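**Q** I'd like to go over a predicted model; first the sequence, then the structure.
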Amino acid sequence: MASSGTQNLTPQSLITEDHVTKALNSDKGSDAVLESWKVVDFTKPGDNYASIVTSVEVKYQMNEQECEVTYVIKLNSLRNLGGLSALTPMNFAKEGGFYGEVVPALNEILVSAGQHPLRFPKCFLASLEDGKEQLYFEDLRAMDFKMYDRRKGLSKDHTTLVMAELARLHSASYLLMTKLSEGETVGSKYEFLCKDFFEMAPNAKEMFLPMFEHQVNTGVMMLEKVGGYETVIRWLNSLKPEAETLFTTYMKSVKFNSICHGDCWNNNILFRYDDEGHPIDVMLLDLQMCREASIASDLNYFLYSSVSGDVRVPNIDQIMSVYHKSYKQVLEAAGLPMYFDEKELMEEFRAKNKIGALSSIGFVPIILLEPEEAPELADSDWETLVQEWRAIALDKLKTNPLCQPRFLSVFDELMETGLIS
């Protein structure tokens with residue numbers, strides 16, 4: 001189904017019978033015999049950006065029984081995004097490495113401490129052939145997991161579920177670090193975790209620094225349209241000389257470093273609900289930006305991208321307390337003392353609030369898009385793409401009544417905390 005070149009391929013055409021068979025045997029065992037398979041798309045525009053997500057429905061025979069199973073597949077998007085396309089191999093290598101190496105190690109530690117495994121989907125195949133990358137996962141829809149409407153902003157109950165699970169990821173990572181050999185680090189053991197923004201492609205710095213400036217400028221233009229936020233505008237402009245540091249050392253912390261999700265926002269989270277519609281379970285997805293960084297980088301990224309101010313601000317102490325309790329529970333189950341208190345956690349969170357502010361600029365307009373409004377990313381040069389996103393952000397500020405309060409609540413909060421003065 002695939003040819004040696006990719007210029008005339010669709011992402012779905014990268015899937016081959018060999019891939020499907022390997023995923024099936026990884027899942028069901030070598031006795032499972034593939035009979036047929038078909039690709040079934042199910043996502044909407046705006047659900048995915050860095051890759052394409054689809055599914056394959058499989059019929060197979062096992063022990064003389066006719067059986068069926070569905071796999072969710074993440075594929076190289078084959079989009080022409082100029083230099084940004086060079087990031088794709090590393091993104092897939094990160095996620096493939098996370099599922100293949102990190103998750104088993106973390107789960108072994110958790111289970112040995114009497115804790116249940118991390119809430120990530122099972123990954124049955126990571127095929128990383130250059131230009132044809134694909135990952136095969138269990139279909140969480142069969143277990144009634146759903147994506148929450150990103151336009152609404154997560155409720156307090158949704159938010160605390162995610163925070164508790166991020167704490168389990170981070171605390172398991174801490175336990176893993178305590179088991180490393182002398183002189184060994186998480187980065188030396190799992191090198192892909194160290195491949196961060198400026199190391200993910202030969203020209204990464206030349207790509208990311210202009211992206212950062214464009215993002216700041218978009219935030220400034222949005223605030224200028226609102227008026228009355230001159231202090232915030234000056235603060236945002238002052239971040240431009242810090243760009244390289246913000247992408248690297250600012251995310252680190254000797255005391256709080258952990259294996260981090262890196263891209264924990266609404267579209268990379270699924271929830272399961274009880275009969276009354278209350279969220280009772282969570283699954284974290286999409287580890288293409290996993291990295292070693294401060295736990296606060298994940299918390300800021302999540303809370304300022306996916307939780308509106310009316311939920312985040314009045315509940316922030318309780319939300320952080322849920323995180324702390326979940327972290328502490330894992331450490332105590334493993335026989336280790338908790339090594340930071342809630343006050344220190346909040347201080348680290350506030351120390352990394354610049355990540356939250358920048359996340360809000362990038363995410364708020366995107367989150368409020370209707371599916372049919374999502375721009376087509378294929379065959380766009382970077383400058384054109386930036387201008388399209390900026391036009392969308394400014395339009396949403398004017399036409400969507402949810403955009404302005406959600407966007408401004410971030411900067412109102414950071415002025416109240418003293419970060420912006």
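**A** Yes, it's here.
**Q** do you know how far the residue of the chain most remote from its centre is from Phe271?
**A** Relative to the centre of the chain, and counting by C-alpha atoms, centre = their mean, the farthest-placed residue is Glu64 at 41.0 Å. Counting by C-beta to C-beta, to the nearest Å, the gap from Glu64 to Phe271 is 38 Å. Placement of C-beta: from N, CA and C, glycine included.
**Q** Equivalent analysis for Leu193, please.
**A** Taken as C-beta to C-beta, the span from Leu193 to Phe271 is 27 Å.
**Q** more neighbours, these two?
**A** Ranked by neighbour count (other C-beta atoms under 10 Å), Leu193 and Phe271 place Leu193 first, with 24 against 20.
**Q** quick one: the residue nearest to the more buried one when sequence neighbours are not counted from Thr185, how far?
**A** In this structure, Leu193 finds its nearest non-sequential neighbour in Glu292, 4.8 Å apart by C-beta to C-beta, 6 or more residues apart in numbering. Glu292 is 8 Å from Thr185, where distance means C-beta to C-beta.
**Q** Where does the prediction get shaky in the stretch 301-421 of the chain?
**A** The stretch 301-421 of the chain contains residues with pLDDT under 70 at 374-382.
**Q** Report the buried residues of stretch 279-299.
**A** By 16 or more other C-beta atoms under 10 Å, the buried positions in stretch 279-299 come out as 279, 282-299.
**Q** Just these: which are in helices?
**A** Of the buried residues of stretch 279-299, the ones assigned to helices by DSSP state H are Ile295, Ala296, Ser297, Asp298, Leu299.
**Q** Could you tell me how many residues sit around Thr70?
**A** Thr70 is flanked by 16 other residues according to other C-beta under 10 Å.
**Q** Note down every partner strand of the helix or strand harbouring it and its orientation.
**A** Taking DSSP states H and E as the criterion, the element that holds Thr70 is strand 65-75. Sheet pairing of strand 65-75 (DSSP bridges) gives strand 52-62 (antiparallel), strand 134-138 (antiparallel).
**Q** Report the buried residues of that strand.
**A** In strand 65-75, counting by 16+ other C-beta under 10 Å, buried: Val69, Thr70, Tyr71, Val72, Ile73, Lys74, Leu75.
**Q** Does the fifth one touch Lys132 like I think?
**A** No: the pair Ile73 and Lys132 does not pass the contact test of C-beta atoms under 8 Å, sitting 12.0 Å apart.
**Q** what secondary structure does Glu276 sit in?
**A** Following DSSP: H, G, I helix; E, B strand; the rest coil, the label given to Glu276 is coil.
**Q** Can you pull the phi/psi pair for it?
**A** Main-chain torsions, Glu276, degrees, to the nearest 10: phi -90, psi 0.
**Q** Pull the number of nearby residues for it.
**A** By other C-beta under 10 Å, neighbour count at Glu276 equals 6.
**Q** cool, Phe137 as well?
**A** Counted with other C-beta under 10 Å, Phe137 comes out at 20.
**Q** So for Phe198, what's the pLDDT?
**A** Predicted confidence (pLDDT) at Phe198: the value is 79.
**Q** and the element among helices and strands of the chain having the smallest mean pLDDT, what other elements does it pack with?
**A** Among the helical and strand segments of the chain, the one scoring lowest on mean pLDDT, DSSP states H and E is helix 382-399, with a mean of 85. If you count contacts as 3 or more C-beta pairs under 8 Å, 6 or more residues apart in numbering; DSSP states H and E, helix 382-399 packs onto helix 204-226, helix 353-367, helix 403-416.
**Q** No more questions from me, cheers.
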